[in-house]
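In: Curious how this folds, go ahead:
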Amino acid sequence: MARSKPIKLRGALHARLDVKGFHHARYWPSPDLAQFVEHYWAVDWTLDEPCVRETLPHPVVHLVAENGEATIGGPATRRWTRRFAPGRGRVFAIKFRVGGFRPLVDGPVSAYADRVLPVREVFGERVRHLGRDVLAAADHHAAVAIYEAFLRGLGLRDDPAVDFVAGIAERIADDRDITRIEQVAAEFGLTPRTLQRLFRDYVGASPKWLIQRYRLHEAVARIDAGRACDWAALALDLGYADQAHLIRDFKKIVGRTPVEYAKAGANP
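Out: Residues are numbered from 1 along each chain as shown. Predicted coordinates:
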């Protein structure tokens, strides 16, 4: 039976707001698949009126089952926006680890960046009914079992590079003092060019992109928690050269300035 995983909506815009009608669930992968899968996630909803949900991009691949179909969504460089119509629905998905999708395919993960493909285009006609079967499962535990049978059927083998790349990504995410890829490359004994090639192959996004996106994730989290009001201090703390650079990057990805975003959260 799949084990439930605590939910932390990292990167979800206005994550502190309670949206009525949505139920979220996450589950840990089995130990033999933990190198490749970060978790399985499900969202069930029953809505009386339209709703919009937005999430900042993450450097990962998702396999998503919805409306009887399964798709592969590669690393996205833009924020994800979803408009939900009134009614009921369900999504059940696999969130792969950073780098964890690479052993499943023959080419670099960069080939999947900003793309959504039917699962059968990636893994063949034998999995054309994967989405249907997952969504028809008796419960979440049965759905996870179907996903794990699919993954084990791929004959996955241990790939040390996945753990290495995931470790680099975690370091970038956890240390706000990291602002340049040269810092990361030196710490892990790589040249900047080798680091960039490794990330194109296993992550599908550049290390510079990760540095920028994780800084914005942290900025959003602090605003949602009510801990960001001195924008110059926030910019300095997150490693920006000045407040103007923070505002520019924030608006480019979030679609609003930090002030506008904070006001929207205070007056939903």
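
In: ok, how many other residues are close to D106?
Out: Per other Cβ atoms under 10 Å, the neighbour tally for D106 reads 7. For the C-beta atoms, the positions are set from N, CA and C on the backbone; glycine is no exception.

In: Next: the one 5 residues further on.
Out: A total of 13 residues lie near A111 under the criterion other Cβ under 10 Å.

In: Could you do D114 as well?
Out: When neighbours are counted by other Cβ under 10 Å, D114 registers 14.

In: cool, P192 as well?
Out: Using other Cβ under 10 Å, the number of residues around P192 comes to 16.

In: Could you tell me the end-to-end distance of stretch 77-93?
Out: Using Cα to Cα, to the nearest Å, the end-to-end distance of stretch 77-93 comes out at 20 Å.

In: Which residues does that stretch contact?
Out: Here stretch 77-93 makes contact (Cβ atoms under 8 Å, 6 or more residues apart in numbering) with 13, 40-57, 62-66, 113-114, 134-135, 140, 143, 205, 209, 253-255.

In: quick one: which of the residues you listed sit in strands?
Out: 40-47, 51-55, 62-66 (DSSP state E).

In: Can I get the buried part of those as one PyMOL selection?
Out: A single PyMOL command is used to select the members of the ones in strands among the contacts of stretch 77-93 judged buried by 16 or more other Cβ atoms under 10 Å:
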select buried, resi 40+41+42+43+45+47+51+53+55+62+63+64+65+66
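
In: and V105, what does it touch?
Out: 112, 122.

In: Let's see the pLDDT reported for it.
Out: On the pLDDT scale, V105 is placed at 97.

In: For the residue positioned nearest the centre of the chain, give me the pLDDT.
Out: Nearest to the geometric centre of the chain sits H58, at 3.6 Å (Cα atoms, centre = their mean). On pLDDT, H58 comes in at 84.

In: for H39, same thing?
Out: 97.

In: try E260
Out: Looking at E260, its pLDDT is 88.

In: Could you report the distance from it to H129?
Out: 45 Å (Cβ to Cβ, to the nearest Å).

In: next one: A241
Out: 52 Å.

In: So between the two, which is more surrounded?
Out: Neighbour count, other Cβ under 10 Å: between A241 and H129, H129 has more, with 15 against 10.

In: give the contact list for the residue nearest to R200 when sequence neighbours are not counted.
Out: Residue nearest to R200 in three dimensions, not counting chain neighbours: S110, with 4.6 Å by Cβ to Cβ, 6 or more residues apart in numbering. S110 sits next to 200-201, 203-205 when contact means Cβ under 8 Å, 6+ apart.

In: Would you mind putting these into CSV with neighbour count and pLDDT alongside?
Out: Putting the contacts of S110 into CSV (neighbours: other Cβ atoms under 10 Å; pLDDT from 0 to 100) gives the following:
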residue, neighbour count, pLDDT
R200, 17, 97
D201, 17, 98
V203, 28, 97
G204, 27, 96
A205, 24, 93
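
In: Tell me the one of those residues nearest A70?
Out: G204 (19.2 Å; Cβ to Cβ).

In: does that closest one really touch V109, like I thought?
Out: Yes - with contact defined as Cβ atoms under 8 Å, G204 reaches V109; the gap is 3.6 Å.

In: so what sits against both of these two?
Out: 61, 74-75.

In: Any of the residues you listed buried? List them.
Out: Looks like the shared contacts of G204 and V109 have 61, 74-75 buried, using 16+ other Cβ under 10 Å.
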